[in-house]
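Student: Sequence plus the predicted model coming up.
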Amino acid sequence: MSNTFQVDLRGIVDLLSHHLYGSPQVYVRELLQNAVDAITAVRHAEPEHAGRVAIESADATGDGTLRISDNGIGLTEAQVHELLATIGRSSKRDDLGFARHEFLGQFGIGLLSCFLVADEIRVHTRRGDAAPVIWTGFSDGRYEVRPGPEREPGTSVTLIPRRGAETWLTGAEVTRLAALYGAMLPIEVTVDGERTTIGTPPWERRADRRESLLRYAESVLGFTPFDVIELHVPEAGLTGAAFVLPTPINPAVRGGHRVYLKRMLLAEAVEGLLPEWAFFARCVVDSTELRPTASREALYEDGLLETTREAIADQLRGWLVRLSSTDPRRLSEFLSIHHLGVKALALHDADMLRLVEQWWPMETNMGRTTLAEFRARHGVVRYAATLDEFRQLAAVAAAQDVGVVNGGYTYDTDIIERLPALDAEIRVERLEPTDLTTTFDALDRETELRLRPFLTGAQRRLDRLGCEVVVRAFEPASLPSLYLVSRAAAFHGEFTATREKADDLWGGVLDALASAAPPDRPQLVLNHRNPLVRRITALGDPELTALAVESLYGQALLLGYHPIRPADAALLNTSFLGLLGRAVPGSGDPA
Ligand SMILES: Nc1ncnc2c1ncn2[C@@H]1O[C@H](COP(=O)(O)OP(=O)(O)OP(=O)(O)O)[C@@H](O)[C@H]1O
């Protein structure tokens with residue numbers, strides 16, 4: 001035994017009219033769509049037919065109703081029963097149920113959206129020479145058909161407002177909605193006598209296209225774009241433009257695009273039209289082939305949408321490539337706006353990584369340069385992973401012609417470390433302050449022997465600060481001393497500070513860990529090429545020598561932006577005052 005589903009009409013009407021659509025305002029779109037489709041149907045037989053759609057808002061009708069009239073194909077009485085009164089039946093599908101290409105509608109439910117604002121829908125229609133009819137539909141699922149008064153071929157739909165929905169039918173509101181959804185329609189639409197269509201979309205204009213696109217972005221999107229990229233995807237019958245945002249945005253915030261289907265607005269913030277990396281562009285496009293979801297608020301995710309996304313991405317990529325070869329200055333302007341977003345994506349997108357490598361100038365100890373240039377010059381991308389390490393290294397490394405990139409800014413170290421994934425040829429190397437000691441020259445035996453008493457004294461002085469004193473010769477000669485901390489020692493330093501603050505329970509845990517991390521003492525490296533250091537090592541006065549060593553220690557800490565512990569601050573203070581005391585002869589001094 002086979003049965004058919006029972007349908008509760010009231011429930012279906014309620015479901016489709018109230019729950020499918022996001023807002024009652026879509027009723028204007030659905031009415032416009034039906035009027036335009038009816039005119040398109042006439043144009044099949046008569047291509048020159050001058051279609052027009054006129055809306056009279058409640059302001060014009062004067063009785064609270066809204067009327068929309070078209071000189072389209074109209075309906076016979078039989079069609080009224082079949083099409084208007086059958087939910088899910090549409091004249092816009094072929095015998096196999098496929099959407100017919102030339103029409104906007106396809107599902108056979110759009111008219112129900114009028115029940116969002118109306119209790120009653122009246123359709124007065126005439127097809128060719130057939131007798132005019134009036135169909136009246138009610139939101140509870142009933143309808144009536146009766147002969148209508150004489151009229152021109154075409155259709156007028158009148159909405160009798162629901163209580164509380166009257167404002168949706170006012171002149172201002174209807175004008176706004178007709179312009180929002182239908183400004184680009186190829187058929188003239190008026191609301192209360194005023195035209196709401198603008199004719200050719202700005203991206204289709206032959207003359208002054210760029211200017212009209214810029215004006216469009218300003219008036220509709222609300223910004224003056226950094227640049228405009230025209231888009232064409234023939235498979236999707238898509239034309240339009242991508243506007244590059246003039247200010248930085250967070251790439252994680254998904255920006256939507258303005259999408260028209262057959263010149264009717266689908267939505268103002270459609271997602272999924274661009275890949276994630278193209279966060280810096282806002283598009284306005286019109287497509288004849290992409291499909292809407294039934295609510296007409298989003299694009300249907302299918303193979304064509306995927307192909308389209310890739311094609312648009314290629315066009316944006318092409319823009320970036322063109323900019324890099326024809327106008328690198330513009331490209332750096334672009335990057336100075338969007339670098340944070342571009343860098344964030346470079347962490348997982350090879351194209352963006354390449355863009356950063358080739359075009360984003362990073363800070364190095366030899367001035368700002370791109371990673372690509374740096375590599376060409378130095379062979380390997382040597383970098384300091386933190387700002388502190390970079391500051392310690394920069395001057396000394398530069399004096400020895402060792403290039404170092406500052407990886408301390410947001411994402412930079414991660415980006416550098418990802419470069420080998422882009423190209424196995426690329427070598428990257430993290431440089432640590434202590435790596436520099438290998439490029440320092442040891443002193444000759446004789447000098448070393450001569451300096452031994454000085455070193456012993458200096459070491460004794462700095463022992464309590466946990467620092468080892470060595471003398472080496474290095475460039476630049478103008479730099480008297482350097483304080484070098486290895487990664488392990490920096491860790492140990494933090495660790496000891498924490499241990500001092502921790503209570504017994506945590507202290508015990510930390511002690512257990514400490515035994516696993518043998519400390520590598522920080523070094524104060526004195527530069528024997530520096531004339532002042534030479535004089536200090538040759539001083540006969542032990543007290544003055546001690547003050548000088550402490551000052552060099554303090555100066556090296558400050559120069560390398562190292563943290564100043566309380567013991568360091570105390571030492572800086574006493575050595576400074578001590579030196580000052582020696583330098584300024586006072587009345588108490590024997591002179
Ligand atoms: N102004 C009109 N002139 C002529 N026929 C119309 C008009 N409005 C509606 N119709 C007929 O009524 C049918 C149902 O309209 P409805 O808006 O519910 O669905 P649709 O436009 O076919 O599809 P969709 O649900 O995608 O909008 C249409 O297929 C069309 O045949």
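Tutor: Cool, the structure landed. Values in this document were obtained by computation on a predicted structure and should not be read as measured data.

Student: Can you report phi and psi for the closest residue to Val405 other than its chain neighbours?
Tutor: Nearest residue to Val405, sequence neighbours excluded (C-beta to C-beta, 6 or more residues apart in numbering): Tyr383, at 4.2 Å. Using the backbone N, CA and C atoms, a C-beta is placed for each residue, glycine as well. Here is the backbone geometry of Tyr383 (degrees, to the nearest 10): phi -140, psi 150.

Student: Test my guess that His378 contacts Val404.
Tutor: No. Counting by C-beta atoms under 8 Å, His378 does not reach Val404; the two are 9.2 Å apart.

Student: what does the stretch 51-200 of the chain put close to the ligand?
Tutor: Proximity of the stretch 51-200 of the chain to the ligand, by C-beta under 6 Å from any ligand atom, involves residues 70, 72-75, 83-84, 90-92, 105-111, 155.

Student: for this protein, what helix or strand is lowest in average pLDDT?
Tutor: Among the helices and strands of the chain, helix 504-514 carries the lowest confidence by mean pLDDT, DSSP states H and E, at a mean of 54.

Student: Quick one: the strands in the stretch 401-550 of the chain, in order.
Tutor: Here the stretch 401-550 of the chain has its strands, by DSSP state E, counting those that start in this stretch, at 405-406, 427-430, 468-472, 481-484, 523-527.

Student: Between strand 468-472 and the last one, find me the angle.
Tutor: When you say that, I think you mean strand 523-527. Put simply, strand 523-527 runs at 30 degrees to strand 468-472, going by axes from the mean of the first three to the mean of the last three C-alpha atoms, to 10 degrees.

Student: Check what contacts strand 523-527 and list those residues.
Tutor: Residues from elsewhere that reach strand 523-527, judged by C-beta atoms under 8 Å, 6 or more residues apart in numbering: 434, 437, 440, 462, 467-474, 477, 479-484, 533, 537, 552-553, 556.

Student: Buried subset of these as a ChimeraX selection?
Tutor: To isolate the buried ones among the contacts of strand 523-527 in ChimeraX, judged by 16 or more other C-beta atoms under 10 Å, type:
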select :434,437,440,462,467,469,470,471,472,473,474,479,480,481,482,483,484,533,537,552,553,556
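
Student: Now for Asp63, how many residues are close by?
Tutor: Look at Asp63: counted by other C-beta atoms under 10 Å, it has 8 neighbours.

Student: Wasn't it part of a strand?
Tutor: No. Asp63 is assigned coil when assessed by DSSP: H, G, I helix; E, B strand; the rest coil, not a strand.

Student: returning to what we had before: OK, contacts around the residue nearest to Val405?
Tutor: Applying C-beta under 8 Å, 6+ apart, we find Tyr383 in contact with 404-407, 412-413, 416, 428-431.

Student: ok, the residue of the stretch 351-500 of the chain found nearest the ligand - contacts?
Tutor: Residue of the stretch 351-500 of the chain nearest the ligand, by C-beta to the nearest ligand atom: Asp351 (38.1 Å). Neighbour list for Asp351: 277, 317 [criterion: C-beta under 8 Å, 6+ apart].

Student: where's it, which helix or strand?
Tutor: helix 350-359 (DSSP states H and E).

Student: Given the helix or strand that that helix is followed by, what are its sheet partners and their directions?
Tutor: Tracing the chain past helix 350-359, the next element assigned as helix or strand by DSSP H and E is strand 361-362. Using DSSP bridges, strand 361-362 pairs in its sheet with strand 369-370 (antiparallel).

Student: contacts for the strand it pairs with?
Tutor: By C-beta under 8 Å, 6+ apart, strand 369-370 touches 357-362, 377.

Student: What subset of these is buried?
Tutor: Neighbour counting with 16+ other C-beta under 10 Å marks 357, 359-362 as buried within the contacts of strand 369-370.

Student: and the residues you listed as a markdown table, adding pLDDT and distance to His19?
Tutor: Below are these laid out as a markdown table (pLDDT from 0 to 100; distance: C-beta to C-beta, whole Å):
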| residue | pLDDT | distance to His19 |
| --- | --- | --- |
| Glu357 | 94 | 50 |
| Trp359 | 90 | 49 |
| Trp360 | 92 | 49 |
| Pro361 | 92 | 54 |
| Met362 | 94 | 53 |
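
Student: which stretches of the stretch 101-250 of the chain form helices?
Tutor: Under the criterion DSSP state H, counting those that start in this stretch, the stretch 101-250 of the chain contains helices at 171-182, 209-216.

Student: just the stretch 251-400 of the chain next, same as before
Tutor: Listed in chain order, the helices of the stretch 251-400 of the chain (DSSP H, counting those that start in this stretch) span 303-326, 328-346, 350-359, 371-378, 387-399.

Student: Can you tell me the closest non-neighbouring residue to the residue in the stretch 151-300 of the chain that the ligand sits nearest to?
Tutor: When scored by C-beta to the nearest ligand atom, the stretch 151-300 of the chain has Thr155 as its residue closest to the ligand, at 3.9 Å. Leaving aside its sequence neighbours, Thr155 sits nearest to Thr125 (C-beta to C-beta, 6+ apart; 4.1 Å).

Student: low-confidence ranges in the stretch 451-591 of the chain?
Tutor: Low-confidence segments of the stretch 451-591 of the chain (pLDDT under 70): 487-520, 587-591.

Student: Could you give the backbone dihedrals for Arg565?
Tutor: Torsion angles, degrees, to the nearest 10, at Arg565: phi -80, psi 170.

Student: Separate out the buried members of the contacts of Tyr383.
Tutor: Burial by neighbour count, 16+ other C-beta under 10 Å: within these this picks out 404-407, 412-413, 416, 428, 430-431.

Student: Now pLDDT and distance to the ligand too, for those residues, in CSV please.
Tutor: Output for the buried ones among the contacts of Tyr383, formatted as CSV (pLDDT from 0 to 100; distance: C-beta to the nearest ligand atom, whole Å):
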residue, pLDDT, distance to the ligand
Val404, 94, 63
Val405, 96, 57
Asn406, 96, 58
Gly407, 95, 55
Asp412, 95, 51
Thr413, 95, 53
Ile416, 96, 53
Val428, 95, 56
Arg430, 92, 60
Leu431, 87, 64
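
Student: which residue is nearest the centroid of the protein?
Tutor: For the chain, the residue nearest the mean C-alpha position is Pro251 (2.1 Å; C-alpha atoms, centre = their mean).

Student: which residues touch it?
Tutor: Going by C-beta under 8 Å, 6+ apart, Pro251 touches 276-277, 279-280, 341, 344-345.

Student: Kindly recompute the last result at 6 Å.
Tutor: 279, 341, 344 (C-beta atoms under 6 Å, 6 or more residues apart in numbering).

Student: tell me the angle the helix holding Asp351 makes with helix 371-378.
Tutor: Relative orientation of helix 350-359 and helix 371-378, computed by the same axes, to 10 degrees: 50 degrees.

Student: picking that back up, restrict the contacts of strand 523-527 to those near the ligand?
Tutor: Among these, no residue sits close to the ligand (C-beta under 6 Å from any ligand atom).

Student: Could you tell me the per-residue confidence at the residue of the stretch 301-450 of the chain found nearest the ligand?
Tutor: Relative to the ligand, the nearest point of the stretch 301-450 of the chain is Asp302 (16.9 Å; C-beta to the nearest ligand atom). For Asp302, the pLDDT comes out at 93.

Student: Would you mind measuring from it to Thr308?
Tutor: Plainly put, Asp302 is 10 Å away from Thr308 if you go by C-beta to C-beta, to the nearest Å.

Student: Which of those two has more residues huddled nearby?
Tutor: A direct count of neighbours by other C-beta under 10 Å for Asp302 and Thr308 places Thr308 higher, at 25 against 11.

Student: so how far is Glu235 from that one?
Tutor: 7 Å.

Student: Same question for Thr413.
Tutor: From Thr413 across to Glu235, the span is 42 Å (C-beta to C-beta).
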